[in-house]
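>>> here's my sequence, what's the structure:
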Amino acid sequence: MRSVVVWLVLAPAAMYAAETGEKLFQTHCAPCHGARGEGGRGANLAMRKLPRAPDDAALAAIIATGIPGTQMPATRMTAEESAQLVRYVRSLGKSQAAAVPGNRTAGEKLFWSKGNCGQCHTIGARGGHIGPDLTDIGARRGPAYLRSSILEPEADIPENFASYRKLIYIPDNYLRVHAVTQDGKEITGARVDEDTFTIQIRDDQDRLYSFRKDELRELRKDWGKSPMPSYKGMFSESELEDVIAYLASLQGAP
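From the prediction side, this is the model:
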């Protein structure tokens with residue numbers, strides 16, 4: 001009888017905590033991480049193991065302080081709210097992940113051949129460095145976001161590309177820039193790093209340049225633009241599913 005009474009007392013509290021955790025997630029996290037944590041402009045959280053948060057304390061710390069150099073902001077909430085949110089995020093990784101259609105072996109071939117994606121992107125030790133490293137992209141982004149990124153790469157430009165945030169220092173954002181030196185040499189490529197006095201640019205031939213800003217006649221930054229072209233029409237629907245299946249399978253080092 002006593003156990004029944006305890007259950008009747010604790011069950012509503014547990015349900016309340018779960019509901020509160022979900023509400024907190026939908027308010028603070030879903031806009032970037034997806035309604036079910038499947039990933040969007042933010043990382044995929046519907047995973048049993050989160051690379052940056054191996055335990056609950058690490059996850060709570062990320063919620064509280066954010067991740068410097070990324071779009072993950074600090075979030076103000078009480079310790080109880082943080083604990084409820086942590087429990088909810090962990091529950092997302094216990095759900096059965098939806099199967100990704102497509103043939104990942106065929107997708108790998110398309111990635112390196114027809115799509116020529118390796119010209120800009122690295123997977124493991126292979127590929128270029130103009131675009132982001134995709135070695136663990138399947139652990140960071142969901143299939144829907146991958147599809148959008150392939151077909152409409154400018155549909156969800158990271159906020160640090162927006163003009164009103166142009167002074168925020170996020171080095172790994174691949175912003176498209178055009179520089180002209182004092183002697184008239186022009187370099188167009190992706191910004192690799194930048195500080196107050198210098199900027200590093202990688203051009204489309206994977207050549208790396210470093211300039212002092214006072215050495216440049218012109219420095220133009222294409223805010224709101226992605227250096228990646230749209231792949232609409234490049235792949236058939238079945239081929240696109242194959243490429244997405246391949247990318248979704250990339251989980252990084254075991």
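>>> CA atoms for contacts and neighbours, from now on please.
Noted.
>>> buried stuff in the longest strand seen in the chain?
In the chain, assigned by DSSP state E, the strand with the most residues is strand 186-194. Residues I187, T188, G189, A190, R191, V192, D193, E194 are the ones in strand 186-194 that count as buried (16 or more other Cα atoms under 10 Å).
>>> adding pLDDT, write those residues out as TSV.
Converted to TSV, those look like this (pLDDT from 0 to 100):
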residue	pLDDT
I187	94
T188	92
G189	88
A190	84
R191	85
V192	83
D193	84
E194	86
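>>> which is the next helix or strand following the host helix or strand of A139?
Under the criterion of DSSP states H and E, A139 resides in helix 137-140. Remark: after helix 137-140, the chain's next helix or strand is helix 143-151, criterion DSSP H and E.
>>> give me the helices and strands touching that following helix, please.
Helix 143-151 sits against helix 237-248, with contacts defined as 3 or more Cα pairs under 8 Å, 6 or more residues apart in numbering; DSSP states H and E.
>>> looking at the helix it packs on now, give me its mean pLDDT.
For helix 237-248, mean pLDDT rounds to 96.
>>> and it, what does it pack against?
helix 104-112, helix 137-140, helix 143-151.
>>> pretty sure I67 contacts A60?
No. Between I67 and A60 there is no contact under Cα atoms under 8 Å: 11.8 Å.
>>> neighbour count winner among those two?
Using other Cα atoms under 10 Å, the more surrounded residue of I67 and A60 is A60, with 19 against 14.
>>> hang on, that one in a helix?
Yes. Membership of A60 in a helix is supported by DSSP: H, G, I helix; E, B strand; the rest coil.
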